[in-house]
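J.: Here's a sequence, model it:
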Amino acid sequence: PNDPSMAAGMCYPRPGDLIEIKRPLYQHWALYLGDGYVINVTPVDEGAPTLSVSTTSIFTRKAKVKKQLLKEVVGNDSWKVNNKYDRSRTPRPVAEIIRHAERYIDKEVSYDVLGNNCEHFVTMLRYGEEVSDQVSNTGSA
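T.: The predicted structure follows:
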């Protein structure tokens with residue numbers, strides 16, 4: 001009866017929700033736009049073999065913002081809605097999040113795993129500021 005693309009026990013994402021995807025070596029983040037689509041930052045490998053979407057690609061300096069189906073981004077990995085910063089920050093209105101997100105589709109952005117990663121991008125859209133636990137765990141107010 002329910003949609004097979006949603007794993008059992010997952011809550012359905014709402015537009016503006018942050019989606020955490022568990023990759024083998026790191027977490028990937030996307031922002032849910034609605035109708036099954038997310039926006040996310042995908043590293044661009046310059047002149048690298050196509051098979052190298054491995055650990056090396058998360059260290060590339062260029063990335064492209066893409067609108068893709070959630071199930072394509074997730075593949076076989078597990079995912080969950082995780083608006084974890086809502087406790088300390090107020091999300092922007094959904095319409096504003098989506099409008100802001102759509103401006104970035106197909107744009108190239110600079111990217112680096114520590115300073116400017118996929119989590120920074122989606123938190124910037126949702127809250128208007130970049131936040132990432134993966135980089136520093138200092139609980140700055």
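
J.: the helices in this protein, which residues?
T.: 70-74, 94-104, 118-127 (DSSP state H).

J.: and the closest residue to Pro13 other than its chain neighbours, how many residues sit next to it?
T.: Spatially, and ignoring its direct neighbours in sequence, Pro13 is nearest to Tyr32 (4.0 Å; CB to CB, 6 or more residues apart in numbering). Backbone N, C-alpha and C define where each C-beta goes, glycine included. Tyr32: 23 surrounding residues under other CB atoms under 10 Å.

J.: For Leu70, see how far away Tyr32 is.
T.: The spacing between Tyr32 and Leu70, counted by CB to CB, to the nearest Å, is 7 Å.

J.: For those two, list the residues in contact with both.
T.: Here Tyr32 and Leu70 have 13, 19, 38 as joint contacts, going by CB atoms under 8 Å, 6 or more residues apart in numbering.

J.: ok, now how distant is the second one from Asp86?
T.: Remark: distance between Ile19 and Asp86 (CB to CB) = 14 Å.

J.: When the two are compared, which one has more neighbours?
T.: Comparing Ile19 with Asp86 by other CB under 10 Å, the one with more neighbours is Ile19, at 21 against 12.

J.: Surely that one touches Ser78?
T.: No - look at Ile19 against Ser78 with CB atoms under 8 Å: they stay out of range, at 11.0 Å.

J.: Output the below-cut-off pLDDT ranges for this protein.
T.: Residues of the chain meeting the criterion pLDDT under 70: 1-11, 45-60, 113-116, 134-141.

J.: mind listing the strands in it by residue range?
T.: Counting by DSSP state E, the segments of the chain that form strands are 18-22, 27-34, 37-43, 62-69, 78-81, 108-110.

J.: Pull the residues that contact the shortest one.
T.: By CB under 8 Å, 6+ apart, the residues outside strand 108-110 that reach it are 41, 44, 61-65, 116, 121.
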